[in-house]
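Chemist: Show me how the following folds:
(one chain, ligands or ions: 2)
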Amino acid sequence: MKIAILGYGTVGRGVAQIIEERVPEVEVARILELPDRLTDPRMTPNYQDIVDDPAIELVVECMGGIEPAHTFILQALNAGKHVVTSNKAVVAAHFAEFAEAASKAGVGLLIEASVGGGIPWIASIEKVRRIEDVQSFSGIMNGTTNYIVYSMLKDGADFAEVLSKAQELGFAERDPTADIDGIDVRNKTIISASVAFDVACTQDLPVSGIRNLTKYDLSLFGSRDLTVKLIGRGVQADGRYAVSVEPVAVSTSTLEANVPTNFNLVTLDAPSIGELKFYGQGAGSLPTGNAIVQDILDCVAGRRPTYDFSRGLVYDPAMLHGPYVFRTEATIPGAKFYEPGAVIVDDLTATQARALLDDALKSDPTTFMAAVSANS
Ligand SMILES: NC(=O)C1=CN([C@@H]2O[C@H](COP(=O)(O)OP(=O)(O)OC[C@H]3O[C@@H](n4cnc5c(N)ncnc54)[C@H](O)[C@@H]3O)[C@@H](O)[C@H]2O)C=CC1
Ligand SMILES: N[C@@H](CC=O)C(=O)O
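Modeler: Ligands and ions are numbered 1, 2, ... in the order given. Model prediction:
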C-alpha cells in the first residue's frame, strides 16, 4: 500500500523509520512538510499533490494542531483515503465529524496513537466493548508530566529543567503548556470516554494540571506515603457519565505511583473482565510510530472501526468526587489543616474543586491542588 505522511516531525519520522526497517508491504510515497523543511525528494508543501493522487490509499496525519489538520483529514476521507492519526487535539475536537465522514466514504479512521502513545489502548477498549460496557477508566496518559514528576522525585530536578529535557526527548507537545496544564490529557480523556462509553463526550470537563507542582508539594505528600500523578478518568453508570483531569495523590504502593519516565499506565474496568491495566511508553518517536504502523497494518487487513456516539448518556459531574488538598495561602471554604501550608476539603466534586482552585489562584497564583485517591 502507498501511503503519505503529513508532518515529518518526531512522530512522522518514527513512522517512516519503522516502515523502512520492518514493513516492506507499505511504501511512504509522499510526505507533506512546511515549505522551509523540504529535505527529501518525496516531500511536498502542497497537500493537493497528496489528496489528488489516486495511488495514495492512506494518509497518516501527524502534523498536530486543529487547522489545517481538520480540513486535511476530512479531505482525505472524502477522497476515499483511509486516515490514521496521532493528533488527539483534532480528534477530541472533531471525532464525530471524522467518524461520519469515514463511514460515508467506507474508509478507515484509526486513532490508536492519539491516546497512550505505543499502548494498544483504543483497540483494547473496542475489544472489551464487543462483549460488555466499560464501567470506568483512569490512568496516567501523559508521558511528559510523568517524566517531570518522576525526575523531580528521583533526581531532585527542577520543574523547568525537566520540562526542557522532555521537549528535547520529543515527548512534549509543540506548546508544552498543553502537557503541564492537562489539555493533552483532556483530549485523551475525551477520546477514551467517546470510545468507551459511546458518547459524544462533553468538551466542558474539569481540567487541572501540574504547572504549580513544587518539590515542597512532593515532600508534603511524600510524608504521607503519597505521590502525585496527573490522571484522566471517566465513569459511567445508570445512564450517566462523568470525566475529569487532575493531579491525584496516590499511595506510593500503587502501580501508578511507580510508573517511570515517559511511561503511561491506563486502566479500565468492565463487569466480566474486571480490572485491566495497560502499561507502556506513552510518548516518543518510535513508540508512537509503532502504534501508527499497527493501525496501518490493521487497515491493510481490512479493519474499519466504527464509532457510534448516539447513546444518550447524561453528563453528571456529581459522579466524580472525593477529598482535595490545596497547597495555598488563599482561604479555602470548608477546609481543614492537612500539612503546613496545605489544607484539605473532605468531599468535593471535580468540578467544585476546579472552581475553588480558580478562586484560590486569584489571591495565590502559586496554588497547587490534588485529589486524594480513594485507595490512598
Ligand atoms: N511526540 C510524541 O511523543 C507524540 C505526539 N503525538 C501527536 O502527534 C502529532 C505530531 O507530534 P510531533 O511529531 O511530536 O510534532 P512535531 O512538532 O515534532 O512534528 C510536526 C511536524 O509537522 C509539520 N507541520 C506542522 N504543520 C504543518 C503544515 N501545515 N503542513 C505541513 N507540515 C506541517 C512540522 O513542520 C513538523 O515537522 C501531534 O498531534 C502530537 O500531539 C501523539 C503521541 C505522541
Ligand atoms: N505530549 C504527549 C505526547 C503523547 O501523546 C505526552 O507527553 O504524552
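Chemist: show me the residues around the residue of the stretch 151-300 of the chain found nearest ligand 2 that make contact.
Modeler: Going by Cβ to the nearest ligand atom, ligand 2 is nearest to residue 283 of the stretch 151-300 of the chain, at 3.7 Å. In short, each C-beta sits where N, CA and C put it, glycine included. Counting by Cβ atoms under 8 Å, 6 or more residues apart in numbering, residue 283 makes contact with 117, 142-144, 170-172, 262, 264.
Chemist: With residue 149 instead?
Modeler: 210, 213, 218, 227-230.
Chemist: With residue 277 instead?
Modeler: 255, 265-267.
Chemist: Is it possible to get CSV of these that adds pLDDT, secondary structure and distance to residue 138?
Modeler: As requested, these are exported to CSV (pLDDT from 0 to 100; DSSP: H, G, I helix; E, B strand; the rest coil; distance: Cβ to Cβ, whole Å):
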residue, pLDDT, secondary structure, distance to residue 138
255, 98, coil, 12
265, 98, strand, 10
266, 98, strand, 8
267, 98, strand, 6
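Chemist: and those residues, which two are the farthest apart?
Modeler: Greatest spatial distance among those (Cβ to Cβ): 255 and 266, at 11.1 Å.
Chemist: Return the residues of the stretch 51-200 of the chain in contact with ligand 2.
Modeler: Those residues of the stretch 51-200 of the chain that sit near ligand 2, judged by Cβ under 6 Å from any ligand atom, are 117, 142-144, 171-173, 179, 184.
Chemist: just for the stretch 101-250 of the chain, where's the confidence low?
Modeler: Within the stretch 101-250 of the chain, not a single segment meets pLDDT under 70.
Chemist: swap the cut-off to 90 and go again
Modeler: 174 (pLDDT under 90).
Chemist: Quick check: buried residues in stretch 363-376?
Modeler: By neighbour count on 16 or more other Cβ atoms under 10 Å, the buried set for stretch 363-376 is 367-373, 376.
Chemist: Likewise for stretch 100-116?
Modeler: Buried, per 16+ other Cβ under 10 Å, within stretch 100-116: 101-102, 105, 107-116.
Chemist: and the nearest residue to residue 120 once chain neighbours are set aside, how far is that from residue 78?
Modeler: Of all residues not flanking residue 120 in the chain, residue 112 sits nearest, at 6.6 Å (Cβ to Cβ, 6 or more residues apart in numbering). Between residue 112 and residue 78 the computed distance is 22 Å (Cβ to Cβ, to the nearest Å).
Chemist: circling back: take the buried residues of stretch 363-376 and lay them out in CSV including pLDDT and distance to residue 52.
Modeler: Formatted as CSV, the buried residues of stretch 363-376 follow (pLDDT from 0 to 100; distance: Cβ to Cβ, whole Å):
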residue, pLDDT, distance to residue 52
367, 98, 52
368, 98, 51
369, 98, 50
370, 98, 51
371, 98, 50
372, 98, 55
373, 94, 52
376, 61, 56
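Chemist: Turn those residues into JSON lines, including secondary structure.
Modeler: As requested, the buried residues of stretch 363-376 are exported to JSON lines (DSSP: H, G, I helix; E, B strand; the rest coil):
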{"residue": "367", "secondary structure": "coil"}
{"residue": "368", "secondary structure": "strand"}
{"residue": "369", "secondary structure": "strand"}
{"residue": "370", "secondary structure": "strand"}
{"residue": "371", "secondary structure": "strand"}
{"residue": "372", "secondary structure": "strand"}
{"residue": "373", "secondary structure": "coil"}
{"residue": "376", "secondary structure": "coil"}
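Chemist: which of the residues in stretch 75-89 are buried?
Modeler: 75-77, 79, 81-89.
Chemist: So which of the residues you listed are in helices?
Modeler: 75-77, 88-89 (DSSP state H).
Chemist: And the buried residues of stretch 363-376, which is closest to residue 303?
Modeler: residue 373 (35.9 Å).
Chemist: Within the helices and strands, which one has the closest residue to that closest one other than its chain neighbours?
Modeler: Nearest residue to residue 373, sequence neighbours excluded (Cβ to Cβ, 6+ apart): residue 250, at 4.6 Å. Applying DSSP states H and E as the criterion places residue 250 in strand 240-251.
Chemist: ok so, going back, now that we have the residues of the stretch 51-200 of the chain next to ligand 2, which one has the most neighbours?
Modeler: Among these, residue 142 has the most neighbours (other Cβ atoms under 10 Å), with 34 neighbours.
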